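[1] need a structure here:
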Amino acid sequence: MDLSALMVFGLLLGMGHALDADHVVAVSTIVSESRSLLRSLLIGVVWGIGHTATLLIVGLFALFFGLNPPPWVAISAEFLVGLILIILGIQILWRYNKKRTHAHYHDHGDGIHIHFHAHEVTEGHTHEHHGPHTRKPLFVGVVHGLAGSGAVMLLVLGTIQDPLAGALYIITFGLGSILGMLAVSALIGLPFLLTAGRFQGLHAGARVVAGLVSIAVGCSISLEPILPW
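    Model (predicted):
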């Protein structure tokens, strides 16, 4: 396989790799809380950067030193991926059900009275935090890179003799994963963005579904090593 074909193959393989179920679910839970399409796209890019950075380090060690991570690293990372998905799902459900207490001051002439009441957090009471939250998708991307889902890249890498070609393959694979997750973030973020204002019930329901799916997939991944099947 010549160099140009290898790079195209790595790019396409990386884009397909971004569509792994655990990748999509993890980014979906983060994107579901985004308030802008730009932020959703940024989440996908940052996840891809973290994922690519890990794969690049692991791939270069395999390429130049013949060192691959021991099996327990991938198994531990897979368990951590499942745990992260469970936590992300619980966070969405918690924020959906969270109630905020307000204090109101009333002057009835004989003194000031303070009344407390709680209500569900609605779209009108949410607050947009300034600055992109990049640490969460970056961390999730790094952990995903440590998990065993990048084994296809390492398998192909083992057939490449030229170190330069191997390094370019890793880079194009990582670029493909970034582009793939960028597309996924756009496709997922747009419906959440369109329903956030006029269709609050639908928007809230979609967030709950995203949280429940994240918990279910996370449990499946975390329990897989210990289940009998």
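[2] From here on, just use CA atoms for contacts and neighbour counts.
    Fine.
[3] ok now the helix or strand hosting L93, how far from the chain's centre?
    Following DSSP states H and E, one finds L93 within helix 71-97. Relative to its chain's centre, helix 71-97 lies at 10 Å (CA atoms, centre = their mean, to the nearest Å).
[4] mean confidence for it?
    Mean pLDDT, helix 71-97: 86.
[5] ditto for stretch 18-31
    88.
[6] Which positions in that stretch come out as buried?
    Neighbour-count burial for stretch 18-31 flags 18-19, 22-31 (criterion: 16 or more other CA atoms under 10 Å).
[7] can you list contacts of that stretch?
    40, 43-44, 47, 81, 85, 88-89, 92, 137, 140, 144, 176-178, 180-181, 184-185, 188-189, 207, 210-211, 213-214, 217-218 (CA atoms under 8 Å, 6 or more residues apart in numbering).
[8] what distance separates that stretch from the centre of its chain?
    5 Å.
[9] what number of residues lie near S177?
    Neighbour count of S177, defined by other CA atoms under 10 Å: 29.
[10] mind checking the SS state of the most centrally placed residue in the chain?
    Among the residues of the chain, the one closest to the centroid is V27, at 2.8 Å (CA atoms, centre = their mean). Secondary structure, DSSP: H, G, I helix; E, B strand; the rest coil: V27 is helix.
[11] So which bits of the helix or strand L187 falls within are buried?
    Following DSSP H and E, one finds L187 within helix 163-198. Using 16+ other CA under 10 Å as the test for burial, helix 163-198 gives 165-186, 188-190, 192-193, 196.
[12] ok, now stretch 37-51?
    Result for stretch 37-51 [16+ other CA under 10 Å]: buried residues 37, 39-51.
[13] Same list, the residues you listed, but as CSV with distance to P69 and pLDDT please.
    Formatted as CSV, these follow (distance: CA to CA, whole Å; pLDDT from 0 to 100):
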residue, distance to P69, pLDDT
L37, 37, 84
R39, 33, 88
S40, 32, 88
L41, 31, 90
L42, 29, 91
I43, 27, 91
G44, 26, 90
V45, 25, 92
V46, 24, 93
W47, 21, 92
G48, 20, 90
I49, 20, 92
G50, 18, 91
H51, 16, 89
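[14] any low-confidence regions in the protein?
    Where the chain drops to pLDDT under 70, the residues are 1, 98-133, 148-152, 154-155, 158, 225-229.
[15] Among the buried residues of stretch 18-31, which one lies nearest to S222?
    Closest approach between these and S222, by CA to CA: D22, at 11.4 Å.
[16] Secondary structure element holding the closest one?
    Per DSSP H and E: D22 is located in helix 21-31.
[17] Helix 163-198 and that helix, what's the angle between them?
    40 degrees (axes from the mean of the first three to the mean of the last three CA atoms, to 10 degrees).
[18] any idea which helix or strand comes after helix 21-31?
    helix 37-65.
[19] Could you check how far that next one is from the centre of its chain?
    12 Å.
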